[in-house]
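Chemist: the following block contains a protein sequence and its predicted model.
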Amino acid sequence: MSPLAAATAAGTAETAVKMASSAPDPVSGSGSGSSALLFPGQGAQTVGMLGDWCDGHPAALELFARASSILGYDLADICRHGPSEKLNATSVSQPAILVTSLAALEVLKSRDPSLVSSASITAGLSLGEYTALVFADALDFDSAVRVVDVRGRAMQECAGKPGPNRGPAGGMVAVLGMERERVASLCDECRGGDVLEVANVLCPGNVVVSGTEAACRRLDEAATAAGAMKCVRLEVTGAFHTVLMQEAVDKLAAVLAETTVRPPRIPVVSNVDARPHDDPAEIRGLLARQVCGVVEWHASMTYLLASGVRTVCEVGPGRVLRGLLKRIDRSIACSGVPE
């Protein structure tokens with residue numbers, strides 16, 4: 001299924017935004033809670049992201065020990081010392097961000113337990129959706145590490161695998177200062193015989209495209225010429241959220257089918273359709289589809305804010321999600337752990 005077909009299966013982009021703008025249905029505890037936790041996705045990793053903030057928190061450090069035992073390498077050492085080439089590899093960065101974010105959650109629990117307990121809804125950007133599902137008790141920690149390990153390895157394999165009309169690698173480009181419809185039109189103009197699709201709709205004027213290396217270069221030039229404020233290459237190693245990831249979808253679906261997923265205790269907004277789901281089978285299917293589908297982050301945040309949330313904490317490395325949220329609603333109180 002192509003990314004556009006996947007988006008159509010979940011409803012058109014306009015439908016997703018319209019749905020997100022409406023008052024949320026009462027799913028597993030949604031409503032007028034005062035806070036929400038957000039979890040970052042791939043690209044947020046930096047060498048040194050596991051810093052002093054984690055020391056002195058045994059529960060946080062224990063997560064790295066457990067993850068390292070599952071993964072077969074010292075994850076904490078890579079997060080602290082790199083090298084960057086190793087940390088930025090998709091197979092490593094995905095479990096690294098998952099575990100770092102959950103370690104930050106343990107720190108937040110000790111620093112501000114009321115912020116955690118008052119969270120009535122949660123979401124994570126792409127990979128971060130797994131972190132959100134752990135927070136919502138839909139996935140246990142060990143299962144999440146195993147699934148994300150498979151996800152990262154499978155996506156890395158797809159990123160490096162040659163195929164018809166494409167070289168061995170692809171990439172992603174954030175187009176700033178241009179709206180979704182215009183970016184989608186430029187993708188149609190620049191695609192040629194390659195793969196090039198809208199991959200992430202992050203906030204007004206921030207749309208990420210994904211595709212083969214040659215197509216991304218053409219899009220970069222065309223968007224700049226068409227008046228985009230800026231085009232930024234993302235620190236990823238493949239054409240994520242496109243049909244080029246289909247083999248990864250198949251591998252991920254297989255491991256998800258063997259993984260226990262429980263109904264979340266609070267709503268977890270899906271990246272695919274900007275809605276929470278409480279049926280484990282639906283959650284598994286959406287997690288698999290997410291790899292090739294459009295990440296509807298703008299619509300997801302619109303839905304989250306419509307639930308009545310006014311305080312948001314970004315839990316994990318970086319400040320990207322806070323910045324995106326402020327582009328959607330500047331009145332929201334935002335914080336982060338670690339700072």
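Modeler: Structure's in. What do you need? Please read all numbers here as calculations on a predicted model, not as lab measurements.
Chemist: element containing the residue nearest the centre of the chain?
Modeler: Nearest residue to the geometric centre of the chain (C-alpha atoms, centre = their mean): Ser126, 2.0 Å. According to DSSP states H and E, Ser126 maps onto no helix or strand at all.
Chemist: my read: it touches Gly293, true?
Modeler: No. Using C-beta atoms under 8 Å as the test, Ser126 is too far from Gly293 to be in contact (10.1 Å). For the C-beta atoms, the positions are set from N, CA and C on the backbone; glycine is no exception.
Chemist: what's the overlap in contacts for the two?
Modeler: Taking C-beta atoms under 8 Å, 6 or more residues apart in numbering as the criterion, Ser126 and Gly293 both touch His241, Asn271.
Chemist: buried ones in stretch 73-82, by neighbour count?
Modeler: Neighbour-count burial for stretch 73-82, counted by 16 or more other C-beta atoms under 10 Å, picks out Leu75, Ala76, Ile78, Cys79, Arg80.
Chemist: nearest residue to the fourth one other than its sequence neighbours?
Modeler: Right, Cys79. Leu50 (3.8 Å; C-beta to C-beta, 6 or more residues apart in numbering).
Chemist: can you put the buried residues of stretch 73-82 in CSV and add distance to Leu234 and secondary structure?
Modeler: Listed next are those as CSV, based on distance: C-beta to C-beta, whole Å; DSSP: H, G, I helix; E, B strand; the rest coil:
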residue, distance to Leu234, secondary structure
Leu75, 22, helix
Ala76, 25, helix
Ile78, 20, helix
Cys79, 20, helix
Arg80, 23, helix
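Chemist: tell me the two of those that are most distant?
Modeler: Leu75 and Arg80 (9.7 Å; C-beta to C-beta).
Chemist: how about the strands in this protein?
Modeler: Secondary structure of the chain, counting by DSSP state E: strands at 35-39, 119-124, 170-176, 196-203, 206-212, 230-233, 311-315, 333-337.
Chemist: closest one to Leu61 among those?
Modeler: Across the strands of the chain, Leu61 has its closest neighbour in strand 333-337 (15.4 Å, C-beta to C-beta).
Chemist: what's around Met229, how many residues?
Modeler: Met229 has 12 neighbouring residues, counting by other C-beta atoms under 10 Å.
Chemist: ugh, wrong one, I meant Glu181
Modeler: Counted with other C-beta under 10 Å, Glu181 comes out at 12.
Chemist: same thing with Gly160?
Modeler: Gly160, neighbours per other C-beta under 10 Å, totals 13.
Chemist: kindly provide the distance from it to Asn88.
Modeler: Distance, Gly160 to Asn88, using C-beta to C-beta, to the nearest Å: 14 Å.
Chemist: what's the overlap in contacts for those two?
Modeler: Common neighbours of Gly160 and Asn88 (C-beta under 8 Å, 6+ apart) are Thr237.
Chemist: reformat the strands of the chain as JSON lines; add distance to Leu286, mean pLDDT and mean neighbour count.
Modeler: Shown next, in JSON lines, are the strands of the chain (distance: least, C-beta to C-beta, whole Å; pLDDT from 0 to 100; neighbours: other C-beta atoms under 10 Å):
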{"stretch": "strand 35-39", "distance to Leu286": "16", "mean pLDDT": "97", "mean neighbour count": "28"}
{"stretch": "strand 119-124", "distance to Leu286": "13", "mean pLDDT": "98", "mean neighbour count": "26"}
{"stretch": "strand 170-176", "distance to Leu286": "21", "mean pLDDT": "95", "mean neighbour count": "22"}
{"stretch": "strand 196-203", "distance to Leu286": "16", "mean pLDDT": "97", "mean neighbour count": "24"}
{"stretch": "strand 206-212", "distance to Leu286": "19", "mean pLDDT": "97", "mean neighbour count": "27"}
{"stretch": "strand 230-233", "distance to Leu286": "28", "mean pLDDT": "96", "mean neighbour count": "14"}
{"stretch": "strand 311-315", "distance to Leu286": "21", "mean pLDDT": "97", "mean neighbour count": "25"}
{"stretch": "strand 333-337", "distance to Leu286": "26", "mean pLDDT": "96", "mean neighbour count": "17"}
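Chemist: one step back: give me the phi and psi for the residue nearest to Cys79.
Modeler: Dihedral pair for Leu50: phi -90, psi 90, per degrees, to the nearest 10.
Chemist: just Arg275 next, same as before
Modeler: Backbone torsions for Arg275, taken as degrees, to the nearest 10, come to phi -140, psi 150.
Chemist: can you add distance to Arg284 and give the strands of the chain back as TSV?
Modeler: Below are the strands of the chain laid out as TSV (distance: least, C-beta to C-beta, whole Å):
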stretch	distance to Arg284
strand 35-39	19
strand 119-124	16
strand 170-176	25
strand 196-203	22
strand 206-212	23
strand 230-233	32
strand 311-315	24
strand 333-337	29
